[in-house]
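>>> Sequence and computational prediction follow.
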Amino acid sequence: MKKLNFAHRSLVAATLLAIMAYAPISALAAGSIVSIVSRDPAGFGFNDPTPVAPVGGNPGVTLGEQRWNVYRYVADLWANELTSSEPITVSAGWEELTCTASSAVLGSAGAYNAWYNFPNAPVTNTWHGQALANKLAGFNLSDGTPDDGSGYGNVDIKTQFNVNLGKSDCLAGSSFYLGFDGAHGTDIDFVETLLHELGHGLGFQTFTSGSTGAPYAGLASAWDRFMLDTTTGKTWTGMTDGERAASALKGRKLAWTGAQVTAAIPSVLSLGVPQLSVSTPASVAGKYEVGSASFGPALSYPGMSGELMPVVDQANGVTGLACTPLSAVNTLAVKGRIALVDRGTCTFSIKVKNVQAAGALAVLVADNAAGSPPSGLGGTDPSIIIPAVRITIDDGAKLKDALKSRSRTHSGVFVNLGVDMSMRAGADPSGRALLFTPNPYQGGSSVSHFDTIAFPNLLMEPSINGDLGQVVKAPKDLTLHLLKDVGW
């Protein structure tokens, strides 16, 4: 048996410390399935004495007590779903993580130790996170092993969250909501955030480098057996390092083959994948990936059809930002048609609102930075009543080229903005869940999450969405089913 240690993980990005030999000893007595151990000093984090009023079912009367109550609440949620004779030990702490006034690292978590070739391992020479490895072995694999100097030898999962969140210099105005009822408003629901992060530590992760494709110490992770590149027909365990690195960049072409997840998909994911279809001219005809907007009406079937026309309001004669009300010329061009605008300068909702006021039927926002598949359009505005999506910078350039020969009111480029009802949102044509594989690679997010196109939103997408709830299994979510695929 062999053991792998981690310093800590930012989602699934880890600092690898050492491989240690292990000699088995007797099992621990079974106890509470999830044990939380604080590493915070007096007066800080879980011990913060700042008085607060009880909120959303959380009875704590100090900030530290409320934080601890959320940990215990989430630990119990996971405990109700998992079966193991061994306690799962979580080292928990609050730290001053990276922040600016407009952005912040919320936190991170992951398996602290991992093992291969332990008793009852389902496959040989394959890494499993310690919580899962202990469950499969039937005893605590780390119990009694020499301290490696880290002080976390028996820890299964290590977590850290941003103690400064919500302060003026740390995502100002957006604190962690510590209630249990989901009524987080504009704050960040800590219950959902912690559910997500503990999901990583329980096994929603690979120890193989997605950026280089290199498996740690030359051995695959339990996760890798279920990742299928649909363009090559190979799983990650059957690829070279270069093939794995390339696979991690193939947007919506990496599928999860686990039987538990696949069986649950029809009851969780909705039919209908957002897409843009171009019918004419032939030079640009085809289907294009889109990122949906968080505002305005959802895309539907058979969708919105119309002639595409660009907004052009910049000195270069090709860019249209639509950050101010449209000119008479642009209004004439887009009225009763689908408008193409560019990302930049102002918010997406302002662009769409200005184009809507000019009478357009829908809006395509062409990205101004390389990357695929296209992300969604963030923002809120209840007064927006037309659909809008984002397309990649490359697809925007292709459509702009086709629009060069337009007149003031006609382009001959006809499109449909709707959904493909032959697939479920978040699954491939064969009904398998898609994993998050953006290009360029996103450390800590790529490969280790479900794809953002999933609808309804899933707990283990790379960003925490406000509509997740606290259920980790069908018909609400797929997280528990994936954990069962890897061995739970």
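Here it is on my side, so go on.
>>> For the residue lying closest to Gly379 once chain neighbours are set aside, grab the count of nearby residues.
Distance criterion Cβ to Cβ, 6 or more residues apart in numbering; nearest residue to Gly379, sequence neighbours excluded, is Ser349 at 3.9 Å. Just so you know, the C-beta spots here come from the backbone N, C-alpha and C atoms, and that holds for glycine as well. Around Ser349 there are 20 other residues, counting by other Cβ atoms under 10 Å.
>>> list the contacts for Ser349?
295, 377, 379-381, 384 (Cβ atoms under 8 Å, 6 or more residues apart in numbering).
>>> cutoff 10 Å now
Going by Cβ atoms under 10 Å, 6 or more residues apart in numbering, Ser349 touches 293-296, 377-381, 383-384, 388.
>>> Have a look at this structure and report its longest helix.
helix 63-79 (DSSP state H).
>>> Distance of the residue lying farthest from the centre of the chain relative to Val341?
Within the chain, the residue lying farthest from the chain centre (Cα atoms, centre = their mean) is Ser407, at 42.4 Å. Distance, Ser407 to Val341, using Cβ to Cβ, to the nearest Å: 19 Å.
>>> Let me have the contacts of Ser349 in CSV, extended by neighbour count and pLDDT.
Shown next, in CSV, are the contacts of Ser349 (neighbours: other Cβ atoms under 10 Å; pLDDT from 0 to 100):
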residue, neighbour count, pLDDT
Ala293, 27, 94
Ser294, 15, 89
Phe295, 21, 95
Gly296, 26, 96
Leu377, 23, 93
Gly378, 14, 89
Gly379, 18, 91
Thr380, 12, 89
Asp381, 17, 95
Ser383, 10, 97
Ile384, 20, 98
Ala388, 33, 98
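>>> Show me which pair in the residues you listed is furthest apart.
Farthest-apart pair in the contacts of Ser349 is Gly378 and Ser383; separation 16.6 Å (Cβ to Cβ).
>>> hang on, the earlier thing: so the residue farthest from the centre of the chain touches Val329, yeah?
No: using Cβ atoms under 10 Å, Ser407 is not in contact with Val329, being 11.9 Å away.
>>> how about the strands of the stretch 1-150 of the chain, start to end?
Ranges of strands in the stretch 1-150 of the chain, per DSSP state E, counting those that start in this stretch, are 2-10, 13-21, 34-38, 88-95, 107-111, 113-116, 126-129.
>>> neighbours around Gly233, how many?
Neighbours around Gly233, by other Cβ under 10 Å: 8.
>>> May I have the predicted confidence score for it?
pLDDT for Gly233: 98.
>>> again with the one 4 residues further on
Here, the pLDDT recorded for Thr237 equals 98.
>>> In contact with it: list those residues for me.
Here Thr237 is in contact with 123, 126, 208, 215, 220-221, 223-227, 244 (criterion: Cβ under 10 Å, 6+ apart).
>>> on that earlier part again, least reliable of the strands of the stretch 1-150 of the chain by average pLDDT, please.
Looking at the strands of the stretch 1-150 of the chain, the bottom one is strand 13-21 with a mean of 24.
>>> Pull out the buried positions in the longest helix of the chain.
Applying a neighbour-count criterion of 16 or more other Cβ atoms under 10 Å, one finds 63-71, 73-75, 77-79 buried in helix 63-79.
>>> now swap in stretch 460-471 and tell me
460-462, 464, 468, 470.
>>> Tell me the one among the residues you listed nearest to Cys170.
Relative to Cys170, and with distances defined as Cβ to Cβ, the nearest of the buried residues of stretch 460-471 is Ile464, at 16.5 Å.
>>> Excluding chain neighbours, what is closest to that closest one?
Thr193 (5.4 Å).
>>> what do you get for Lys234?
Glu243 is the one closest to Lys234 (Cβ to Cβ, 6+ apart), at 6.8 Å.
>>> just checking, next helix/strand downstream of whatever helix or strand that neighbour lives in?
Glu243 is part of helix 241-247 when elements are defined by DSSP states H and E. Sequence order places strand 254-256 as the next helix or strand after helix 241-247, per DSSP H and E.
>>> Moving along the chain from that next one, name the first helix or strand you hit.
helix 259-268.
>>> Going by contacts, tell me the helices and strands next to that following helix.
Contact analysis of helix 259-268 by 3 or more Cβ pairs under 10 Å, 6 or more residues apart in numbering; DSSP states H and E lists strand 254-256, strand 414-424, helix 479-486 as its packing neighbours.
>>> Quick check: buried residues in stretch 298-308?
Under 16+ other Cβ under 10 Å, the buried positions of stretch 298-308 are 299, 303-304, 306-308.
>>> average model confidence for stretch 298-308?
Mean predicted confidence for stretch 298-308 is 95.
>>> And for stretch 278-288?
Stretch 278-288 comes out at a mean pLDDT of 97.
>>> List the buried residues in that stretch.
Buried, per 16+ other Cβ under 10 Å, within stretch 278-288: 278, 284, 288.
>>> who touches it?
So stretch 278-288 is contacted by 273, 275-277, 305, 307-308, 364, 374, 389, 391-392, 394-396, 398-399, 401-403, 405, 411-417, 420 (Cβ under 10 Å, 6+ apart).
>>> Among those residues, which are located in helices?
Those of these lying in helices (DSSP H): 394-396, 398-399, 401-402.
>>> Now the buried members of the residues you listed.
Using 16+ other Cβ under 10 Å, the buried ones in the ones in helices among the contacts of stretch 278-288 are 395-396, 398-399, 402.
>>> what's the neighbour count on Lys250?
Neighbours of Lys250 (other Cβ under 10 Å): 17.
>>> Provide the backbone phi and psi angles at it.
phi -90, psi 100 (degrees, to the nearest 10).
>>> Need the nearest residue in space to it, chain neighbours excluded.
With Cβ to Cβ, 6+ apart, the residue lying closest to Lys250 is Thr437, at 5.6 Å.
>>> secondary structure element for that neighbour?
Counting by DSSP H and E, Thr437 is found in no helix or strand.
>>> doesn't Ala245 make contact with it?
No: taking contacts as Cβ under 10 Å, Thr437 lies outside contact range of Ala245: 11.2 Å.
>>> what is in contact with these two at once?
Gly210.
>>> Which one's more surrounded, those two?
For Thr437 versus Ala245, neighbours defined as other Cβ under 10 Å are more numerous around Thr437 (25 against 17).
>>> per-residue pLDDT, that one?
Confidence at Thr437, expressed as pLDDT, is 97.
>>> ok, it - contacts?
Thr437 neighbours (Cβ under 10 Å, 6+ apart): 210, 227, 229, 247-254, 372-373, 445-447, 449, 451.
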